[in-house]
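Visitor: I would like to see how this sequence folds:
(2 chains)
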Amino acid sequence: KNQVEQSPQSLIILEGKNCTLQCNYTVSPFSNLRWYKQDTGRGPVSLTIMTFSENTKSNGRYTATLDADTKQSSLHITASQLSDSASYICVVSAGGSYIPTFGRGTSLIVHP
Amino acid sequence: GAGVSQSPSNKVTEKGKDVELRCDPISGHTALYWYRQSLGQGLEFLIYFQGNSAPDKSGLPSDRFSAERTGGSVSTLTIQRTQQEDSAVYLCASSFTGENSPLHFGNGTRLTVT
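Guide: The predicted model follows:
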């Protein structure tokens, strides 16, 4: 069964600090992995996509990594801002399937 | 351009009533998804439409749930004889065809069954 596990479940950090969110998956065959950001009361928005051959990809202060061998991904947020407070969801797609597998998300709270 | 639009944004209904939730996808997107998100939980897949193909209904939790997509565009999710456990945020997403195409989500309909 395809599964996506995220850790930690929740995280509180001070503004300006860095943090790293983790995602482990057992989706096969692997096609791609996306990180989504979901603000409170809004739908998720795609931050970045990682395919099999990609190890690192940046989008502003967000940097995603992928280790296809260990089936792990991380999302690193640099110099956090109050607007980074949201749920971050790891989503993995399997080859030949148009229905991706969602993780339960990490709730990030950035305090001033 | 316009994103995915869902209506209503909030719906309060009495147990046992039927409700209809609407989704207007992004123009040109052939794929449309419905998800359910309960408080503090992850997204639960409900149903997937792709063009004129038969929908994938494998995520619908019971026969009280149904959905249709007319003309390959607007979709309606119908819940009959609502129960309190149906209370959740119902999210719609659309995308172009292809595994690498991102899902574009609406802001959801918050359904409360009293």
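
Visitor: give me phi/psi at residue 72?
Guide: This is for chain A. Its backbone dihedrals place A:Gln72 at phi -130, psi 150, with angles given as degrees, to the nearest 10.

Visitor: Can you look at chain B instead?
Guide: B:Gly72 has phi and psi values of phi 70, psi 20 when expressed as degrees, to the nearest 10.

Visitor: what residues are up against it?
Guide: When contacts are counted by CB atoms under 8 Å, 6 or more residues apart in numbering or on different chains, B:Gly72 is found next to B:Thr30, B:Gly51, B:Asn52. All C-beta atoms are positioned from the backbone trio N, CA, C, and that covers glycine.

Visitor: confidence score at it?
Guide: Each residue has a pLDDT score; the one for B:Gly72 is 77.

Visitor: Which helix or strand contains A:Ser80?
Guide: When elements are defined using DSSP states H and E, A:Ser80 is found to belong to no helix and no strand.

Visitor: what's the neighbour count on residue 23?
Guide: Looking at chain A here, since you left the chain open. Close neighbours of A:Cys23, defined as other CB atoms under 10 Å in any protein chain shown, add up to 25.

Visitor: nope, chain B please
Guide: Counted by other CB under 10 Å, the residues lying close to B:Cys23 total 26.

Visitor: and what of B:Thr30?
Guide: Based on other CB under 10 Å, the number of other residues close to B:Thr30 is 18.

Visitor: quick one: it and B:Ser53 touch, right?
Guide: No. With contacts defined as CB atoms under 8 Å, B:Thr30 does not count as touching B:Ser53, sitting 9.5 Å away.

Visitor: Report the contact partners of the residue in chain A that chain B sits nearest to.
Guide: When you check chain A against chain B by CB to the nearest CB, the closest residue turns out to be A:Gly43, at 2.8 Å. Under the criterion of CB under 8 Å, 6+ apart, the contact list for A:Gly43 reads B:Val4, B:Leu91, B:Ala93, B:Phe105, B:Gly106, B:Asn107, B:Gly108.

Visitor: what about the helix or strand hosting A:Thr63, near chain B?
Guide: Per DSSP H and E, A:Thr63 falls inside strand A:62-67. No. Residues of strand A:62-67 contacting chain B under CB under 8 Å from any CB of the partner chain: none, with a closest distance of 13.7 Å.

Visitor: Go through the helix or strand just after that strand and flag the buried ones.
Guide: Past strand A:62-67, further along toward the C-terminus, the next helix or strand under DSSP H and E is strand A:72-77. Residues of strand A:72-77 classed as buried by neighbour count (16 or more other CB atoms under 10 Å in any protein chain shown): A:Ser73, A:Ser74, A:Leu75, A:Ile77.

Visitor: Could you count how many residues lie near the closest residue to the residue of chain A closest to chain B other than its chain neighbours?
Guide: The shortest distance from A:Gly43 to any non-neighbouring residue, by CB to CB, 6 or more residues apart in numbering or on different chains, is to B:Phe105 (2.8 Å). Under the neighbour criterion other CB under 10 Å, B:Phe105 is assigned a count of 24.

Visitor: Same check on B:Thr114?
Guide: By other CB under 10 Å, 10 other residues sit near B:Thr114.

Visitor: Cross-check the contact I'm expecting between it and B:Lys11.
Guide: No. Contact criterion CB under 8 Å: B:Thr114 and B:Lys11 do not qualify, at 11.1 Å.

Visitor: Could you report the neighbour count for residue 64?
Guide: Answering for chain A, as no chain was given. The criterion is other CB under 10 Å. On that basis, A:Ala64 has 24 neighbouring residues.

Visitor: Sorry, I should have been clearer: chain B.
Guide: Around B:Arg64 there are 14 residues (other CB under 10 Å).
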